[in-house]
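**Student:** Predicted model follows, preceded by the sequence.
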Amino acid sequence: MDPAPTSHARADAEAVQLDSLDVSRPERFASNTHWPYFARLRRDAPVHFCRESAYGPYWSITRLDDIQAVEADYTHFSSDGNVIIGDVPSAFDETRAFATSDPPVHTRERNAVAPGLAAKRVAAFEADTRRQVATLLDHLPEDDPFNWVERVSIALTTHMVATLFDFPQDERHLLPYWSEVLVTTPGEGQIVRTWEERQAILADYRARILEMWRIRAAGSPGDDIISLLSHNADTASMADDPSHLLGLVTLVAGANEAARGALSGCVVGFNQFPEAWEVMKADPSLVPNGAAEIIRWQSPIAHMRRTAAADVEFRGQLIRKGERVVMWYCSGNRDEAHFEDAGRLQPSRTNARRHIAFGSGIHRCLGLHVASMQLRVLLEEMLQRFSRVELVAEPTRTFSNFSAGFTEVLVRISRKR
């Protein structure tokens with residue numbers, strides 16, 4: 001199940017003219033056939049200009065070292081504005097996220113929220129996470145196929161995000177819905193059909209966050225994310241700016257999406273590379289490194305975008321002010337210069353933690369400790385309980401070039417006797 005890209009995709013990737021190659025097409029991500037096109041760019045045009053796409057012209061940065069160089073140079077490659085390849089129509093562009101700013105604004109906001117997502121605080125959640133994982137896994141059906149995304153991945157990420165934000169228990173079921181609306185481009189067959197529908201739903205979401213903010217701000221300081229921000233002098237005014245406050249909403253969505261993709265991707269990976277599951281069964285000490293390897297191999301967030309703040313020469317290419325510059329994390333994590341046999345899932349890979357799935361530098365994802373801990377605990381508990389988790393149908397992937405996740409992963413489990 002879920003094989004490597006077809007020979008047709010590999011042949012097409014080699015045959016297509018570089019000046020017409022567009023790696024942003026979401027249908028290729030949905031069919032898992034995008035990999036050969038990125039391999040072609042890494043080899044032949046690692047800094048590549050695409051003149052025509054559904055999103056307009058853009059530059060692709062596809063090698064790991066180059067991606068990190070772009071992320072480190074916020075003077076020339078700005079995060080101010082949109083950080084995904086596609087622009088939100090101007091009438092609905094009301095989001096100002098943590099990721100969409102440069103220092104010093106970004107630094108102040110990041111410093112305010114960082115304590116709520118630091119490794120020490122996440123470690124304090126581990127026992128609760130383990131109980132949650134154990135309960136979920138113990139109640140999974142053994143004989144009947146079920147959707148791993150719904151029963152495990154969404155349940156775990158919703159619980160963790162709700163804990164981090166101290167979201168009311170009776171409203172937690174809304175979090176995955178709101179998050180999916182936020183990261184989905186409206187259209188026929190999508191969770192929202194129009195930008196107007198999306199705006200109305202997000203207005204409700206923002207209003208609920210604002211209500212919680214005001215309650216926390218009026219109370220004693222706590223250690224949840226909303227309390228930390230509402231009681232910090234540098235960020236307390238966020239509630240006065242609707243676009244700024246919606247940035248907090250995007251932080252919830254981002255944490256959900258990244259973790260959910262990895263928690264589902266592990267099952268897909270173990271079916272494509274069953275030896276990876278057997279290696280970790282034989283040596284459970286490999287689990288922490290195996291979790292990092294799964295995140296590298298899966299790359300839950302496929303890209304982030306910057307905008308050229310001035311004309312700049314980069315790796316021999318002249319990038320003009322205002323042009324889109326897309327850092328393809330999924331490609332950097334398959335960079336042959338760093339990862340031998342990069343398309344294979346290998347829990348014993350010595351440099352698995354070298355991955356850039358969470359970005360790098362000042363914009364490195366604040367939720368990385370959360371996602372890594374959840375995946376590690378899930379793997380440890382799966383290995384104790386299951387002899388096998390078998391795909392019974394091809395997984396259904398998200399129709400997106402940003403969130404490399406899954407909507408359906410049908411599996412059947414076999415418990416240890």
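**Tutor:** Looks like it came in fine. Fair warning: this is a prediction, and the values are worked out from it, not measured in the lab.

**Student:** Just checking, which helix or strand of this structure averages the lowest pLDDT?
**Tutor:** Within the chain, no helix or strand scores below helix 105-113, which has a mean of 59 by mean pLDDT, DSSP states H and E.

**Student:** next SSE after it?
**Tutor:** The helix or strand immediately downstream of helix 105-113 is helix 119-124, counting by DSSP states H and E.

**Student:** so what secondary structure elements neighbour that following helix?
**Tutor:** helix 368-385 (3 or more C-beta pairs under 8 Å, 6 or more residues apart in numbering; DSSP states H and E). In short, each C-beta sits where N, CA and C put it, glycine included.

**Student:** If you count neighbours, what's buried in the helix it packs on?
**Tutor:** For helix 368-385, a neighbour-count test (16 or more other C-beta atoms under 10 Å) marks 368-383, 385 as buried.

**Student:** Would it be right to say that A134 lies in a helix?
**Tutor:** Yes: counting by DSSP: H, G, I helix; E, B strand; the rest coil, one finds A134 located in a helix.

**Student:** Contacts only, for it.
**Tutor:** Applying C-beta atoms under 8 Å, 6 or more residues apart in numbering to A134 gives the contacts E381.

**Student:** Show the pLDDT at it.
**Tutor:** A134 is assigned 97 on the pLDDT scale.

**Student:** Please report how far it lies from L410.
**Tutor:** Distance, A134 to L410, by C-beta to C-beta, to the nearest Å: 23 Å.

**Student:** try L137
**Tutor:** For L137 relative to L410 (C-beta to C-beta), the value is 17 Å.

**Student:** now do G322
**Tutor:** Relative to L410, and taking C-beta to C-beta, G322 is found at 45 Å.

**Student:** Between the two, which has more neighbouring residues?
**Tutor:** Comparing G322 with L410 by other C-beta atoms under 10 Å, the one with more neighbours is L410, at 17 against 10.

**Student:** which stretches of the stretch 151-300 of the chain have low pLDDT?
**Tutor:** Counting by pLDDT under 70, the stretch 151-300 of the chain has low-confidence residues at 183, 241-257.

**Student:** looking at this, T307 is in a strand?
**Tutor:** Yes: membership of T307 in a strand is supported by three-state DSSP.

**Student:** Does it touch G81 like I think?
**Tutor:** Yes: using C-beta atoms under 8 Å, T307 is in contact with G81, at 5.6 Å.

**Student:** The residue lying closest to L286 once chain neighbours are set aside: how many residues sit nearby?
**Tutor:** Nearest residue to L286, sequence neighbours excluded (C-beta to C-beta, 6 or more residues apart in numbering): P347, at 4.7 Å. Neighbour count of P347, defined by other C-beta under 10 Å: 25.

**Student:** For G56, see how far away P347 is.
**Tutor:** 40 Å.

**Student:** How about T194?
**Tutor:** Taking C-beta to C-beta, one finds T194 at 21 Å from G56.

**Student:** And for A357?
**Tutor:** Using C-beta to C-beta, A357 is found at 26 Å from G56.

**Student:** Tell me if I'm right that N351 and A337 touch.
**Tutor:** No: counting by C-beta under 8 Å, N351 does not reach A337; the two are 11.5 Å apart.

**Student:** Could you check the pLDDT of the residue nearest to P284 when sequence neighbours are not counted?
**Tutor:** Take P284 and drop its neighbours on the chain: the residue closest to it by C-beta to C-beta, 6+ apart is L383, 5.9 Å away. L383 carries a pLDDT value of 97.

**Student:** all strands of this structure, in order?
**Tutor:** 47-50, 58-61, 77-78, 146-147, 303-308, 312-314, 317-319, 324-328, 386-391, 396-397, 406-408, 410-415 (DSSP state E).

**Student:** for the third one, packing partners?
**Tutor:** Translated: strand 77-78. Secondary-structure packing of strand 77-78 (3+ C-beta pairs under 8 Å, 6+ apart): strand 303-308.
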